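Colleague: got a predicted structure here, sequence first:
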Amino acid sequence: AQKVTQAQTEISVVEKEDVTLDCVYETRDTTYYLFWYKQPPSGELVFLIRRNSFDEQNEISGRYSWNFQKSTSSFNFTITASQVVDSAVYFCALLNSGYSTLTFGKGTMLLVSP
Amino acid sequence: DGGITQSPKYLFRKEGQNVTLSCEQNLNHDAMYWYRQDPGQGLRLIYYSQIVNDFQKGDIAEGYSVSREKKESFPLTVTSAQKNPTAFYLCASSMLLGAINEQYFGPGTRLTVT
């Protein structure tokens, strides 16, 4: 069975702080894909990144970076120098065996205060 | 602009009534999905469709029905059999079913049943 765990329900930081959102996944497959989505207060999910199981290279995009470690089944997301506009719910998701549907974690709500 | 349209944004119904949520996409995507989001629960898959006139049950299909008569449209009916219909409903689409392509999401419909 596929499972995604985001243990942090809510995180509060002050602007300019760095913050890391944790994601731990479970799968029996050797080939799989992991995703991060952002859900701002407007409600629409926005795609952030996709990572396949064969590529453990960390990725950086501006203030965002992702650390993928197969040894610990984790795909953590770090925001550097957080801003108020980063306030949102962030979801980690796993593309399941057969590549048919996504399994989502329960999400982490990030609150960035000025 | 290409995207996914869900209407209305807010919907109110009396208990015992069926209600249909609209989802239209002009991205020329083959696959479409319906998710339900409850506070603290993440996204749960209701139904998905990989092609016109074909659809599959997701994890929580009981009390819901769908149709896929056109490629661009995937309406969801919340029937009176759904015990807890009040929730935020999100529609999504992707180029192909699952695949490695990310899913694009609509703005959602918040349904309240009293």
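Modeller: That came through fine. Residues are numbered from 1 along each chain as shown, chains lettered A, B, ... in the order given.

Colleague: tell me, how many residues neighbour the nearest residue to A:Val13 once chain neighbours are set aside?
Modeller: Leaving aside its sequence neighbours, A:Val13 sits nearest to A:Val19 (C-beta to C-beta, 6 or more residues apart in numbering or on different chains; 5.0 Å). Using the backbone N, CA and C atoms, a C-beta is placed for each residue, glycine as well. By other C-beta atoms under 10 Å in any protein chain shown, 18 other residues sit near A:Val19.

Colleague: give the other helices and strands that the helix or strand of chain A with the lowest mean pLDDT contacts.
Modeller: One helix or strand of chain A scores below all others by mean pLDDT, DSSP states H and E: strand A:59-61, with a mean of 85. In this structure, strand A:59-61 makes packing contacts with strand A:46-52, strand A:64-69, judged by 3 or more C-beta pairs under 8 Å, 6 or more residues apart in numbering or on different chains; DSSP states H and E.

Colleague: sorry, back to before: mind listing what the residue nearest to A:Val13 touches?
Modeller: A:Ile11, A:Val13, A:Thr78, A:Ile79, A:Ser82, A:Leu110, A:Val112 (C-beta atoms under 8 Å, 6 or more residues apart in numbering or on different chains).

Colleague: who's in contact with the host helix or strand of B:Ala92?
Modeller: Assessed by DSSP states H and E, B:Ala92 sits inside strand B:87-94. Here strand B:87-94 makes contact (C-beta under 8 Å, 6+ apart) with A:43, A:45, B:4, B:6, B:21, B:23, B:25, B:27, B:29-38, B:43, B:46, B:74, B:76, B:78, B:101-106, B:108-111.

Colleague: strands - which of those land there?
Modeller: B:4, B:6, B:21, B:23, B:25, B:31-38, B:43, B:46, B:76, B:78, B:104-105, B:109-111 (DSSP state E).

Colleague: now the buried members of these.
Modeller: The neighbour-count test (16 or more other C-beta atoms under 10 Å in any protein chain shown) applied to the ones in strands among the contacts of strand B:87-94 identifies B:4, B:6, B:21, B:23, B:25, B:31-37, B:43, B:46, B:76, B:78, B:104-105, B:109, B:111 as buried.

Colleague: what about chain B, any weak spots by pLDDT?
Modeller: Within chain B, the segments meeting pLDDT under 70 span B:1, B:97-100.

Colleague: contact residues of it facing chain A?
Modeller: Proximity of chain B to chain A is confined to B:33, B:40-45, B:48, B:58, B:88, B:90, B:92, B:97-100, B:102-108, B:110 under the rule C-beta under 8 Å from any C-beta of the partner chain.

Colleague: out of these, which end up buried?
Modeller: B:33, B:42-45, B:48, B:58, B:88, B:90, B:92, B:97-99, B:102-108.

Colleague: at the geometric centre of chain B, which residue do we find?
Modeller: The centroid of chain B falls nearest to B:Trp34 when counting by C-alpha atoms, centre = their mean (2.9 Å).
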